[in-house]
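Engineer: Below is the sequence, then the predicted model.
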Amino acid sequence: MTTRDLADATALQTARMVATGELTALEACDAAIARIEAGDGSIHAVVVRDFERARVAARAIDASRAKHDARPLLGVPMTVKESNDVAGLPTTWGIPDFAGRLVTTDAVAVQRLKAAGAVILGKTNTPVALADWQAVNPVYGRTVNPHDRARSPGGSSGGAAAALAARLVPLELGSDIGGSIRVPAHMCGVFGHKPTYGLVPLKGHEFPGSDSVDAELAVVGPMARCAEDLAAALAVLAGPVDGPYALTLPPPRHAALADYRVLVLEDHPSVATDAAVRGPLHALAGALERLGVKLRRTVDGLPDLAQAHAHYGQMLITVMSRGTPGAKPIDAHAWMNLLDAQMRVARQWRAVFSEVDVVLMPPFGVPAFPHDDTPDWTARTLTINGAIEPYPRQVTWPGVATFPGLPATAAPIARTREGLPVGVQIMGAKFEDRTTIAFAGLLTREGLAAAPRPEH
């Protein structure tokens, strides 16, 4: 197998080669390290490198590999978003005050990945406090988009998406509260999955130095260059931390694309969406109709998207500003009112998913945008269909799935005339994560989704 072939190999392909002895875990590890050393200099995605310990872990896998080794990620070299704890490495969230702080325990998600045979090479970049759709901070500097280095890779899992798009690694662990998996997947042309809220334990993904209750709305989840890798990683990551019960997710609703009932949302009343994003979604909808998919543009009982977004925004600000100096907290009754609103929206979506199987919508209103260092996040703007629009408003599309805690998979479906990737967001019913991922896989099978290689 050539170096190029190994760079393009998926996580599952790599694991199969290690399992059969065609490739050793150490060879896979060394090849990924070589790719990072040769290719990351101009991208700056892998900002914490743990290569020697990775080689030790790879040798241990080779020594322990059994004839019929059942570990699903056997010998897969991967990185994780910097906000996920890895024992012996710093977790800073891009904040200088935590730059020298090493954690002593792996996050639960990292523990599960290692137990499944994955080899952790290091960590990828984020914005400060995970609070931007870019990946730049005073601790590690800036990550750029492999498809256009003048543009953002997205955020906050921007380093993760960039590392995947640049073929440095085949698998990543991100996190998402305002589109932080789905937006960079869209902007870098890779696959990402925001799990159902509570499906994957958050322990070990807390603000540095804290040991807190799980943040409402927040999730950790996998990113990859194909849907099959998302499914394999989610099977490893999902499930309770402790308790005398096991979790079994329902299978995908259908095996064939033509059997799916699909609702398409191209517009949202609270945000503008650029033609460069709407156009590919519209084209995808047409292609699905020609394949026999049962397509709908509206459905009875759809939640009031504008009202749901307003409630999501209030909840998101409350969660994100907790502990920030000068932040004004809401009172307990206001918080309980938001939880009531969240429950009502979740109930409405449950009824919608009795009529349709998945909902397709944009992950974000624009493709990858130029780097913007305007200090006041709320003062930034984006140009959408020739008009100037507020930057913060773009949290709207990710929030459709985040507020009710629903699973959503991002899949790359097109390129703009400038060569920038464009994705689709595939939302499903609660705990039907396998359906949204499977739908992304079916799109791939029909040639409607694929992770493009950067042209430069």
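Structural biologist: That came through, no problem.
Engineer: mind checking how far residue 57 is from residue 119?
Structural biologist: Counting by CB to CB, to the nearest Å, the gap from residue 57 to residue 119 is 5 Å. Placement of C-beta: from N, CA and C, glycine included.
Engineer: Equivalent analysis for residue 418, please.
Structural biologist: 36 Å.
Engineer: Which residues are in contact with residue 249?
Structural biologist: Taking CB atoms under 8 Å, 6 or more residues apart in numbering, we find residue 249 in contact with 199, 238, 431-434.
Engineer: Specify the local secondary structure of it.
Structural biologist: Under DSSP: H, G, I helix; E, B strand; the rest coil, the three-state class of residue 249 is coil.
Engineer: Now the phi/psi pair for it, please.
Structural biologist: Backbone torsions of residue 249, given as degrees, to the nearest 10, read phi -80, psi 150.
Engineer: could we number from 555 for the rest of this?
Structural biologist: Renumbered: residue one is now 555, and that last one reads residue 803.
Engineer: For it, report the pLDDT, please.
Structural biologist: We note a pLDDT of 97 for residue 803 in this prediction.
Engineer: just residue 555 next, same as before
Structural biologist: Note on residue 555: pLDDT of 53.
Engineer: if we can go back for a sec, so for residue 611 and residue 673, which residue has more residues nearby?
Structural biologist: Using other CB atoms under 10 Å as the criterion, residue 611 and residue 673 rank with residue 673 on top: 29 against 22.
Engineer: so how far is residue 867 from residue 885?
Structural biologist: From residue 885 to residue 867 the distance is 18 Å (CB to CB).
Engineer: err, residue 576, not the other one
Structural biologist: 51 Å.
Engineer: Of the two, which one has the most company?
Structural biologist: The residue with more neighbours, out of residue 576 and residue 867, is residue 867; 18 against 10, by other CB under 10 Å.
Engineer: How far off centre is the helix or strand where that one lies?
Structural biologist: Under the criterion of DSSP states H and E, residue 867 resides in helix 859-875. Distance of helix 859-875 from the chain centroid (CA atoms, centre = their mean, to the nearest Å) equals 20 Å.
Engineer: What of stretch 841-850?
Structural biologist: On CA atoms, centre = their mean, the centre of stretch 841-850 falls 27 Å from the chain's centre.
Engineer: Would you mind pulling the contact partners of it?
Structural biologist: 811-812, 814-818, 839, 909-910, 1000, 1002.
Engineer: how about a cut-off of 6 Å?
Structural biologist: 811-812, 814-817, 839, 1002 (CB atoms under 6 Å, 6 or more residues apart in numbering).
Engineer: pretty sure residue 863 is touching residue 824, no?
Structural biologist: Yes. Counting by CB atoms under 6 Å, residue 863 does reach residue 824; the two are 4.6 Å apart.
Engineer: More neighbours: which of the two?
Structural biologist: residue 863 (23 against 18).
Engineer: residues in contact with the more buried one?
Structural biologist: 824, 950, 953.
Engineer: Kindly provide the distance from the first one to residue 877.
Structural biologist: Shown here: residue 824 relative to residue 877, a distance of 28 Å by CB to CB.
Engineer: How much space separates the residue of the chain most remote from its centre from residue 727?
Structural biologist: If you look at how far each residue of the chain sits from its centre, by CA atoms, centre = their mean, the farthest one is residue 621, at 33.5 Å. Residue 621 sits 29 Å away from residue 727, going by CB to CB.
Engineer: ok, which stretches of the stretch 755-904 of the chain are strands?
Structural biologist: 773-778, 815-818, 848-850 (DSSP state E, counting those that start in this stretch).
Engineer: And what about residue 676, helix, strand or coil?
Structural biologist: With three-state DSSP as the criterion, residue 676 reads strand.
Engineer: so it sits right up against residue 604, yeah?
Structural biologist: Yes. Residue 676 lies in contact with residue 604 (CB under 6 Å); the separation is 4.7 Å.
Engineer: Compare neighbour counts for those two and give me the winner.
Structural biologist: Each of residue 676 and residue 604 has its neighbours counted (other CB under 10 Å); residue 676 has more, 24 against 19.
Engineer: in the sheet, who's paired with the more buried one?
Structural biologist: residue 603, residue 633 (DSSP bridges).
Engineer: ok, now which ones touch it?
Structural biologist: 600, 602-604, 633.
Engineer: of those, closest to residue 965?
Structural biologist: Residue 965 lies nearest to residue 633 out of these, by CB to CB, at 21.0 Å.
Engineer: wait, doesn't that closest one sit right on residue 679?
Structural biologist: No. Here residue 633 lies out of contact with residue 679, judged by CB under 6 Å, at a distance of 10.1 Å.
Engineer: how many neighbours does the residue lying closest to residue 794 once chain neighbours are set aside have?
Structural biologist: Spatial nearest neighbour of residue 794, chain neighbours left out: residue 801 (6.4 Å); criterion: CB to CB, 6 or more residues apart in numbering. Using other CB under 10 Å, residue 801 has 10 neighbouring residues.
Engineer: right, and residue 801 touches residue 793 too?
Structural biologist: Yes. At 4.4 Å, residue 801 and residue 793 qualify as touching, with contact defined as CB under 6 Å.
Engineer: any idea how far residue 907 is from residue 726?
Structural biologist: Residue 907 is 28 Å from residue 726, by CB to CB.
Engineer: Give me the more crowded residue out of these two.
Structural biologist: Shown here are residue 907 and residue 726; by other CB under 10 Å, residue 726 has more neighbours (33 against 22).
Engineer: For that one, which three-state class applies?
Structural biologist: Under three-state DSSP, residue 726 falls in the strand class.
Engineer: and residue 959, what does it touch?
Structural biologist: By CB under 6 Å, 6+ apart, the contact list for residue 959 reads residue 751.
Engineer: switch to 7 Å and redo it
Structural biologist: Applying CB atoms under 7 Å, 6 or more residues apart in numbering, we find residue 959 in contact with 750-751, 900, 984.
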